[in-house]
Structures are given as structure tokens and as C-alpha cells.
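Asks: Test case, fold it:
(one chain, ligands or ions: 1)
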Amino acid sequence: MKLLRPVFLLLTLLLTAFYAEAQLDRAEKKMVKYVDEHNKEGLVLLKQIININSGSMNFEGVKAVGDVLMKEFAALGMEVEWIDGASFNRAGHLVARIEGGKGKKILMIGHLDTVFEKDSPNQEWRDIDENIVKAPGIADMKGGDVIILQSLKALKHAGLLEDMNITVVMTGDEELSGRPLDKARKVLIEAAEWADIALGFENGDGDPKTAIVVRRSSSGWTLKVTGNAAHSSQIFKPRVGAGAIYEASRILYQFYDELSKEEFLTFNPGMILGGTTVEYDPALKQGTAFGKGNVVSKDVTVTGDIRCISPEQLARAQATMKAIVSRHLPQTDATISFGTGYPPFAPAPGNYELLSQFSQVSQDLGFGVVEAVNPSNAGAADISFTSQYVEMGIDGMGMGGADDHTINETGDLRTFPMQTKRAAVLMYRIMKGIALGKGK
Ligand SMILES: [Zn+2]
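Replies: Residues are numbered from 1 along each chain as shown. Sure thing, here's the model as predicted:
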């Protein structure tokens with residue numbers, strides 16, 4: 001029996017491959033073949049753009065990566081445009097469009113920037129072995145950008161692209177978004193208003209067996225507290241009260257006590273300054289404080305973030321926080337303000353429907369089931385801005401890898417053709433209206 005096992009395994013593998021092939025129509029088989037035959041070419045391009053530094057604040061580098069990709073999209077017959085980022089103090093965004101008029105309107109989302117600025121030690125593509133490459137932004141998300149391109153090339157090769165309705169938006173400031181945020185995300189939001197379906201090519205949780213249907217929001221808050229400066233020997237007396245630092249600690253503890261058990265909600269005080277005088281610079285996210293043990297504290301500044309799964313949860317949490325802030329210890333005052341940030345990519349039913357279609361595509365290609373990532377593990381990303389406009393969307397269709405945002409970031413090259421095939425076949429089926437049972 002022992003000897004037969006390899007034979008049995010081989011047979012199973014062959015049958016799986018055969019079964020998978022049988023689930024694909026002619027156009028799909030043609031695209032699969034194209035992706036395999038042009039995989040090397042895609043990797044050469046990926047290496048080229050990885051070796052161009054495009055930290056969010058390296059505007060020239062971000063634009064240079066955009067230039068390389070714009071040429072490629074133009075060669076596919078797409079209309080390309082560079083949206084200058086001067087009004088929001090970033091490099092800008094790449095937009096590529098084709099409107100063939102057939103099927104649903106699809107928005108594909110990527111980003112050109114990485115967290116690795118020019119002073120990072122992580123600047124180059126390095127092969128670890130035949131499958132794993134260590135490189136800045138390979139998984140997050142230049143791999144995903146080239147997957148977008150390769151899938152469009154496959155659709156073009158099968159004679160499908162010309163008929164489709166596709167907009168590609170690659171932002172130049174996903175990792176450190178420009179301000180004001182409404183200006184920085186105007187193009188993306190306009191594309192979302194146009195689109196029926198949003199596809200995000202972020203790396204997700206790095207595992208190609210999962211995709212993202214929900215992302216939590218991410219925004220900031222600032223708490224300012226004041227008290228009566230007086231000699232410490234008089235603290236708690238009616239005229240002096242508790243001081244700013246006690247009031248700040250009451251507020252923070254009550255945030256923790258009343259809200260820390262709510263599922264999918266997190267809020268983190270990340271910085272606190274308190275004393276007799278406090279100076280804080282929000283742009284630099286740093287400041288100074290002066291105070292003495294024998295003086296009741298006069299000022300406290302706390303900054304933090306808050307993450308939620310839906311706009312409703314965010315509104316509820318903010319209301320609770322405001323109520324806590326307003327309770328005030330004697331002779332203190334406090335205010336909390338909430339900043340704008342990334343909205344949640346809310347768990348819409350359409351997202352789950354699209355995920356199940358993506359999973360079906362994956363199975364038909366022989367790559368197995370795709371499941372949803374736990375929302376606690378999915379941070380905010382650009383697809384979140386499309387949430388309220390599109391019928392359905394998923395993210396995490398990009399390259400698999402590990403340790404993104406660290407100098408040890410790796411990409412798994414095996415996921416590159418796999419994700420390209422999945423994207424191309426999914427978009428083809430969306431266009432035909434098969435996946436969704438309806439066209440537009
Ligand atoms: Zn990213």
C-alpha cells in the first residue's frame with residue numbers, strides 16, 4: 001500500500017486539475033494560459049517598480065512608479081490620467097479607464113506608495129528562495145498593482161477588455177494620506193459613485209485563502225482637559241477641585257470601563273501630556289509639558305484613535321465618549337473632538353455575495369475555497385471610501401506575503417499568477433452577468 005500512495009496522490013492531483021479545467025469556458029482557459037505564459041514578464045515589471053523608492057513623501061518616486069504603470073495601461077487602450085496631489089500635499093493619483101458599455105461597472109483599487117521612505121534600509125528586491133522575495137511594498141501593494149495590470153492584459157488577450165466598464169484608481173498616499181482628506185480622496189470617491197462593484201488588491205491578511213469583506217474605520221480624537229492651578233495642599237477643596245490630571249484619568253478609565261468589551265470597537269489613547277503648561281504640535285505629533293508635584297495640574301492633552309466596524313457603531317461610541325467626558329470632577333472642564341479619517345468598509349450583504357462568487361471562481365480554477373478575514377485583523381484601507389456607494393466590494397485580492405510595514409516584508413510569488421487568474425475570471429463573469437445573475 002505504501003508504494004501505491006504516490007500514484008494515488010498523483011491521480012488525485014491530475015483529477016483535480018482536470019476537474020478545475022472543466023469548470024472553465026473557452027475565454028477563461030485562454031486567460032489562464034495567457035497569465036501563465038506572461039507571468040515572468042509581470043514579475044520583471046514588479047521588480048522594476050519595487051526598485052523605485054515610493055515612500056508616500058517621496059513625490060518624485062511615487063510619480064515615477066505611476067509613469068511606468070500609466071504607460072502599460074495606455075498600451076491596453078485605456079484612457080490614463082495623472083491627478084496632481086499638490087492640493088493635498090502628496091504626489092497624486094493614477095487613474096485608468098475603459099468604458100465599453102457592457103456589464104457592471106468595476107472599480108479596481110491599488111496604491112503606488114509604500115511605508116518605506118528614502119531613509120529606510122529596505123529599498124530593494126531580494127530573492128530569499130524561488131518563491132519568496134523580500135522587498136519594500138511587494139505585498140503592500142505593488143504586487144497587487146501588477147496583478148491588476150496582468151489581469152487586464154489577460155482580459156485584453158481574450159478580446160474582452162474593450163467591451164468592459166473598468167476604472168483603475170491607484171492612490172499615491174494610501175500609507176500616509178494627504179490632507180484635507182476630502183481633497184485627497186475626491187477622485188476615489190467619484191470613481192466609487194460611478195462604479196457598481198469595487199475590487200481592492202491589497203494584500204489582506206497575506207493568505208490567499210481569505211479575502212476582506214469588512215474593514216474597520218480609523219480616525220483620531222483629541223481630549224483637552226483643564227483644571228485650577230493652585231497649591232497642591234489645597235487640592236480637593238471646593239474652590240480648587242481635582243485638577244486636570246485626575247479628570248483626564250477619570251475620563252480614560254471610564255472609556256475603558258464602559259466601552260472596552262464591545263466587539264470590533266477599539267480606541268487607543270496614544271499620547272498624553274499634562275501639567276501646569278502643555279504645548280502640543282498636532283502636525284509633528286509631539287510636545288512638551290511642565291509641572292511640579294506641589295502644583296495642581298492645569299492642562300492635559302490626550303490624543304488617540306478609534307476603530308469601528310460601521311458608521312452606526314462609530315456614532316454610538318462617540319456619543320458614549322462625549323457623555324463620559326461631560327461628567328467632570330469638581331472644578332475641571334474637558335472637551336473631546338473627533339477627526340475625520342478612514343470610514344469603515346461596512347459588512348454589506350453584497351460584499352458577502354461577491355465573496356462567494358470569488359470563492360466559486362477560485363474553486364473552478366482549482367485554488368480552493370476563499371473565506372472572509374476576521375474584521376479585527378483588517379485595518380482601514382482605500383476601499384473603505386467606496387463602501388457607501390457600491391453595491392458590492394471585496395478587498396485582499398492582491399499578492400500574498402508577510403510582515404508588511406516592516407523591513408522584513410516578503411511576497412509569495414506563487415500567489416501572483418493565482419490572484420491574477422482569479423481577478424481576470426471574476427471580472428469576466430461579472431461582465432457576462434453570470435456571477436451576479438444580472439447585467440446592467
Ligand atoms: Zn496597502
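Asks: so what's the residue nearest in space to the middle of the chain closest to, chain neighbours aside?
Replies: By C-alpha atoms, centre = their mean, the chain has its centre lying nearest to A381, at 2.4 Å. Nearest non-adjacent residue to A381, counting by C-beta to C-beta, 6 or more residues apart in numbering: E202, 5.3 Å away. Where you see a C-beta, it was placed from the backbone N, CA and C, and this is true even at glycine.
Asks: Can you classify the one you found as helix, strand or coil?
Replies: coil (DSSP: H, G, I helix; E, B strand; the rest coil).
Asks: list the contacts for it?
Replies: The contact partners of E202, taken as C-beta atoms under 8 Å, 6 or more residues apart in numbering, are I109, D140, M141, G144, I212, A381, I383, D395, G396, M397, G398.
Asks: same thing but at 7 Å, please
Replies: Listed by C-beta atoms under 7 Å, 6 or more residues apart in numbering, the contact partners of E202 are D140, M141, G144, A381, D395, G396, G398.
Asks: closest to L181 among those?
Replies: Proximity of those to L181 (C-beta to C-beta) peaks at A381, which lies at 13.9 Å.
Asks: hang on, the closest one packs against G200?
Replies: Yes. Taking contacts as C-beta atoms under 7 Å, A381 lies within contact range of G200: 6.5 Å.
Asks: what sits in contact with each of the two?
Replies: Common neighbours of A381 and G200 (C-beta under 7 Å, 6+ apart) are D395.
Asks: all strands for the stretch 51-200 of the chain, in order.
Replies: Remark: strands assigned in the stretch 51-200 of the chain by DSSP state E, counting those that start in this stretch are 79-84, 92-99, 102-111, 126-127, 132-134, 164-171, 197-200.
Asks: Let's have those strands in a markdown table, adding mean pLDDT, mean neighbour count and distance to T415.
Replies: Output for the strands of the stretch 51-200 of the chain, formatted as a markdown table (pLDDT from 0 to 100; neighbours: other C-beta atoms under 10 Å; distance: least, C-beta to C-beta, whole Å):
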| stretch | mean pLDDT | mean neighbour count | distance to T415 |
| --- | --- | --- | --- |
| strand 79-84 | 98 | 15 | 27 |
| strand 92-99 | 98 | 22 | 23 |
| strand 102-111 | 96 | 24 | 16 |
| strand 126-127 | 97 | 12 | 16 |
| strand 132-134 | 98 | 20 | 11 |
| strand 164-171 | 98 | 26 | 19 |
| strand 197-200 | 98 | 28 | 15 |
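Asks: neighbours around D25, how many?
Replies: Neighbours of D25 under the rule other C-beta atoms under 10 Å: 13.
Asks: ditto for G241
Replies: So G241, with other C-beta under 10 Å, has 22 neighbours.
Asks: now swap in the one 3 residues further on and tell me
Replies: Taking other C-beta under 10 Å as the neighbour definition, A244 ends up with a count of 30.
Asks: quick one: the helices in this structure?
Replies: 4-22, 26-37, 39-50, 59-75, 143-157, 181-184, 186-194, 244-259, 311-325, 349-364, 415-432 (DSSP state H).
Asks: right, so of those, which gets closest to the ion?
Replies: Closest to the ion of the helices of the chain, according to C-beta to the ion: helix 143-157, at 7.9 Å.
Asks: Next, see if the closest one gets close to the ion.
Replies: No. Helix 143-157 stays clear of the ion (C-beta under 5 Å from the ion), getting no nearer than 7.9 Å.
Asks: interface residues of the stretch 251-400 of the chain facing the ion?
Replies: Counting by C-beta under 5 Å from the ion, the stretch 251-400 of the chain has no residue next to the ion.
Asks: Would you pull up the residue in the stretch 251-400 of the chain closest to the ion?
Replies: Closest point on the stretch 251-400 of the chain to the ion, by C-beta to the ion, is A381, at 6.0 Å.
Asks: Look up phi and psi at that residue.
Replies: With angles defined as degrees, to the nearest 10, A381 sits at phi -150, psi 180.
Asks: Spit out the contact partners of it.
Replies: So A381 contacts E174, G200, E202, R215, D395 (C-beta under 7 Å, 6+ apart).
Asks: now do H38
Replies: So H38 contacts Q150, K153 (C-beta under 7 Å, 6+ apart).
Asks: pretty sure P344 contacts F385?
Replies: No. Counting by C-beta under 7 Å, P344 stays clear of F385, with 10.5 Å between them.
Asks: hmm, back to that, among the strands of the stretch 51-200 of the chain, which comes closest to the ion?
Replies: strand 102-111 (5.5 Å).
Asks: Touching the closest one from outside, list them.
Replies: 141, 144-145, 148, 163-171, 174, 191-192, 194-201, 382-383, 386, 427, 430-433, 436, 439-440.
Asks: Okay, now the sheet partners of it, with direction.
Replies: Within its sheet, and counting by DSSP bridges, strand 102-111 is paired with strand 164-171 (parallel), strand 197-200 (parallel).
Asks: re the thing from before, redo the strands of the stretch 51-200 of the chain as CSV? Include distance to the ion.
Replies: Below are the strands of the stretch 51-200 of the chain laid out as CSV (distance: least, C-beta to the ion, whole Å):
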stretch, distance to the ion
strand 79-84, 19
strand 92-99, 14
strand 102-111, 6
strand 126-127, 20
strand 132-134, 17
strand 164-171, 9
strand 197-200, 9
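Asks: would you list those in CSV and tack on distance to R307?
Replies: Below are those laid out as CSV (distance: least, C-beta to C-beta, whole Å):
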stretch, distance to R307
strand 79-84, 28
strand 92-99, 25
strand 102-111, 20
strand 126-127, 33
strand 132-134, 29
strand 164-171, 20
strand 197-200, 18
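Asks: Can you check which of those gets nearest to F338?
Replies: strand 164-171 (23.5 Å).
Asks: Report the angle between that closest one and helix 59-75.
Replies: 170 degrees (axes from the mean of the first three to the mean of the last three C-alpha atoms, to 10 degrees).
Asks: okay, strand 164-171 in CSV with CA atoms only?
Replies: The C-alpha trace of strand 164-171 is given here as CSV (Å, rounded to 0.1, in the frame of the first residue of the first chain):
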residue,chain,number,x,y,z
MET,A,164,-15.9,46.2,-20.3
ASN,A,165,-16.5,49.1,-17.9
ILE,A,166,-13.4,49.5,-15.7
THR,A,167,-11.8,52.3,-13.8
VAL,A,168,-8.5,51.7,-12.1
VAL,A,169,-7.5,54.1,-9.3
MET,A,170,-4.1,53.8,-7.7
THR,A,171,-3.7,56.4,-5.0
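Asks: I'd like the distance between the closest residue to N89 other than its chain neighbours and M57.
Replies: Take N89 and drop its neighbours on the chain: the residue closest to it by C-beta to C-beta, 6+ apart is G178, 5.2 Å away. Here G178 is placed at a distance of 10 Å from M57 (C-beta to C-beta, to the nearest Å).
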